[in-house]
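**Q** Have a look; sequence and predicted model below, questions after that.
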Amino acid sequence: MSKVPTVAALEAGSIVAGYRVVGPLAAGAMGAVYVAEQLATKKQRALKVMQPALVEDDKARERFAQEAQIGAGLESEHIVEVIDAGIDAARGTPWLAMELLKGETVAARVAREGPLPVGVVRELFAQLCHALGAAHDRGIVHRDLKPENLFLAAPRREGVPFTLKVLDFGIAKMVSEAQTHFTGAIGTPLFMAPEQMVPGRRVAPATDVWALGLIAFRLLTGEHYWRAARHESPTAMMLLNEVANLPLEPASVRARELGAEELVPEGFDAWFARAVTRDLDDRFRDARAARSALEPVLAACREGASAPRAPRAPRAAAQASSSADVATDLWLAAQSAEDAPPAEPGAGATEPATPGAADTALASAGTVPARETAPARSRRKLLAQGAVAVVIAGGATATYLAVGRAAGAGGGPSGGAG
């Protein structure tokens, strides 16, 4: 495996296809976003320049423009408009030109304000599920829903506080298919459903519903649901084990740990349990079904019951493990699980007689018991093998695991970089 190559920085004045770079907006594991002037119209756009690894063969090049503009055919004003897409011949890099939005990501809003009022969450989910509903009706799955990919743009009509735009439709699928070429990833394990962490598993609209549940918890409480995200020294392995194996407690239990139980509306536990369940077929079937069930829960909640608390001070990203170390740990754990001797047949065959290296390492870290059933161990082995694919190079995963990470903080025009 090779690490993700770095996208060469573009200087102001550089020309990419028919766009002149004005200045940088954001950078991430999969590319960088710039403010650029469209030469034909003189309008400013958001220009996203991505990793060459996405278009390494002829088939991928043919599909890129189609996949990149997948949102253009969806009937929703809440999907960011892709103006054009292509591959820069001189640099060999794929690029997207998108509408340039003024505002901030949902991640930035929560990082600044903490828990959002119920009324804001209700409006946000109405717009978000309008976009996802249009996609799910056509069998299109976003695959990388997270607060960093949800943009709160200044409204262009009266009566609404913001216009939510969903970023990166179609891009996550291309990254998923290209991930065998590098140790990059689609999204972050904080919002990825279990089936996304094992190559070849079925993905459906309900995959996005898992992320919707975790996003709702994040918006209402200002914190992540996963305990691993609040650990003093978080690692990707801790998070993946919690996502795949540990009990999924009610949202109110986790909120109580955070001193935010009063921010979870009555009835939210039942909704959350249907959204965040490991069995794909037990979740709400799509975004419309999830929103239909959540709407009365939020509508019945008194606005004052969810007044924002002061946001918690974020931990420094330096406290998190480096992504290189995390990737190495995950790969070694996968190899150890693969190489560990099988259990002896007989009455005790459902449990290994002696824990393998991966079991010992995890048990010593306090994340799993030293002994576990064969099916559970098999599932964890598969997840460990697939985990390398969800470790984002360049420190992005480690940064995500820092509690209170202000991803996208600072606002500004649109364009998620990762």
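**A** Perfect, thanks for sending it.
**Q** Quick check: phi and psi at the residue nearest to Ala154 when sequence neighbours are not counted.
**A** The shortest distance from Ala154 to any non-neighbouring residue, by Cβ to Cβ, 6 or more residues apart in numbering, is to Lys102 (4.9 Å). All C-beta spots, glycine's among them, are computed from the backbone N, C-alpha and C. Here is the backbone geometry of Lys102 (degrees, to the nearest 10): phi -100, psi 130.
**Q** Can you give me the distance of Lys102 to Gly119?
**A** For Lys102, the distance to Gly119 (Cβ to Cβ, to the nearest Å) stands at 22 Å.
**Q** and what of Ala270?
**A** Remark: distance between Ala270 and Gly119 (Cβ to Cβ) = 21 Å.
**Q** cool, Thr105 as well?
**A** Here the distance between Thr105 and Gly119 works out to 20 Å (Cβ to Cβ).
**Q** Neighbour count: the two, which is higher?
**A** More neighbours surround Thr105 than the other of Thr105 and Gly119, with 28 against 14 (other Cβ atoms under 10 Å).
**Q** Help me confirm that the more buried one comes into contact with Ala153.
**A** No: applying Cβ atoms under 8 Å, one finds Thr105 not in contact with Ala153, separated by 10.3 Å.
**Q** Contacts for stretch 146-166 next, please.
**A** With Cβ atoms under 8 Å, 6 or more residues apart in numbering as the test, stretch 146-166 has contacts from 71, 77-80, 101-107, 109-110, 120, 123-124, 127-128, 131-132, 142, 145, 167-168, 187-188, 190-191, 211, 215, 218-219, 407-408, 414, 416, 418.
**Q** Show me how to select, in ChimeraX, the buried members of these.
**A** Listed next is the ChimeraX selection for buried residues among those, using 16 or more other Cβ atoms under 10 Å:
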select :71,78,79,80,101,103,104,105,106,107,109,110,120,123,124,127,128,131,132,142,145,167,168,187,188,190,191,211,215,218,219,407,408,414,416,418
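**Q** Of the contacts of stretch 146-166, which belong to helices?
**A** 106-107, 109-110, 120, 123-124, 127-128, 131-132, 211, 215, 218-219 (DSSP state H).
**Q** for those residues, which one is nearest Gly92?
**A** Nearest to Gly92, judged by Cβ to Cβ, of the ones in helices among the contacts of stretch 146-166 is Ala107 at 30.7 Å.
**Q** Tell me the pLDDT of the closest one.
**A** With respect to pLDDT, Ala107 has a value of 96.
**Q** Equivalent analysis for Ala216, please.
**A** 98.
**Q** could you measure it against Leu100, distance?
**A** Using Cβ to Cβ, Ala216 is found at 29 Å from Leu100.
**Q** Neighbour count: the two, which is higher?
**A** For Ala216 and Leu100, the more surrounded residue by other Cβ under 10 Å is Ala216, and the numbers stand at 26 against 23.
**Q** wait, isn't that one in contact with Val276?
**A** No: Ala216 is beyond contact range of Val276, at 9.4 Å (criterion: Cβ under 8 Å).
**Q** Not counting sequence-adjacent ones, nearest residue to Ala204?
**A** Ala204 sits nearest to Leu280 (Cβ to Cβ, 6+ apart), 6.1 Å away.
**Q** neighbours of the one you found, just the number please.
**A** Neighbours of Leu280 (other Cβ under 10 Å): 19.
**Q** all numbers from here: first residue = 488
**A** Sure thing, new numbering starts at 488, so read that last one as Leu767.
**Q** That one contacts Asp695, correct?
**A** No: look at Leu767 against Asp695 with Cβ under 8 Å: they stay out of range, at 11.1 Å.
**Q** What is whatever helix or strand Ala533 lives in packed up against?
**A** Following DSSP states H and E, one finds Ala533 within strand 531-537. Here strand 531-537 touches strand 506-515, strand 518-525, strand 580-586, going by 3 or more Cβ pairs under 8 Å, 6 or more residues apart in numbering; DSSP states H and E.
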